[in-house]
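> got a structure for you, letters missing:
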């Protein structure tokens, strides 16, 4: 789990850097520079959502066990927008602060979401079986991962895999990749 916490810290640094970059660009006062920066962020968001997000390509771009955290680039882009918004003087301060607060909370939630909640507890099965049968409605991937490991001689249980694959109400493919 240390890999996930380290990744959360790295993503927090990236989010902060994106917000500072957005604020600096907007703080220069050149309206067209701000507009171009916003268009660039919008294009990055569209490109990410259409070509990278929730696709196996992401595992090639970020081949590490914490892909489920490091592969989530939405908070970084959102924080860039928040930085621009914070410095936009034509919007009242209280509205800017409200938008930046909401964006920051959503970005933080988006990053922490895979770690929230408790994994389901599977029921123990007989020790002699190679296959781990699913014992909970949400542990199909965890049971399959445990079976695959057992076939290759690595002892594993459904409960253990549910925890390691970040299974909550199902398992995202990035959790199984982990």
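Now that the structure is in, tell me what you want to look at. What you see is a predicted model; the values in this text were computed from it and never measured.

> can you map out the helices along the protein?
Assigned by DSSP state H, the chain shows helices spanning 2-27, 31-47, 57-61, 67-70, 74-86, 93-112, 140-151, 158-164, 173-177.

> Run through who's touching the second one.
Outside of helix 31-47, the residues within contact range by CB atoms under 8 Å, 6 or more residues apart in numbering are 22, 25, 26, 28, 74, 77, 80, 81, 84, 88. Where C-beta positions appear, they are placed from N, C-alpha and C, glycine not excepted.

> From residue 110, how far out is the fifth one?
The spacing between residue 74 and residue 110, counted by CB to CB, to the nearest Å, is 6 Å.

> And the second one, by the same measure?
Counting by CB to CB, the gap from residue 25 to residue 110 is 23 Å.

> Would you mind telling me which of these two has the busier surroundings?
Using other CB atoms under 10 Å as the criterion, residue 25 and residue 110 rank with residue 25 on top: 20 against 16.

> can you count the residues close to the residue lying closest to the more buried one once chain neighbours are set aside?
Spatially, and ignoring its direct neighbours in sequence, residue 25 is nearest to residue 37 (4.6 Å; CB to CB, 6 or more residues apart in numbering). Residues near residue 37, counting by other CB under 10 Å, number 21.

> How about residue 134?
So residue 134, with other CB under 10 Å, has 17 neighbours.

> hmm, back to that, can you add mean pLDDT and distance to residue 120 and give the helices of the chain back as JSON lines?
Below are the helices of the chain laid out as JSON lines (pLDDT from 0 to 100; distance: least, CB to CB, whole Å):
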{"stretch": "helix 2-27", "mean pLDDT": "90", "distance to residue 120": "19"}
{"stretch": "helix 31-47", "mean pLDDT": "86", "distance to residue 120": "33"}
{"stretch": "helix 57-61", "mean pLDDT": "87", "distance to residue 120": "25"}
{"stretch": "helix 67-70", "mean pLDDT": "88", "distance to residue 120": "17"}
{"stretch": "helix 74-86", "mean pLDDT": "89", "distance to residue 120": "27"}
{"stretch": "helix 93-112", "mean pLDDT": "86", "distance to residue 120": "19"}
{"stretch": "helix 140-151", "mean pLDDT": "89", "distance to residue 120": "8"}
{"stretch": "helix 158-164", "mean pLDDT": "87", "distance to residue 120": "6"}
{"stretch": "helix 173-177", "mean pLDDT": "80", "distance to residue 120": "13"}
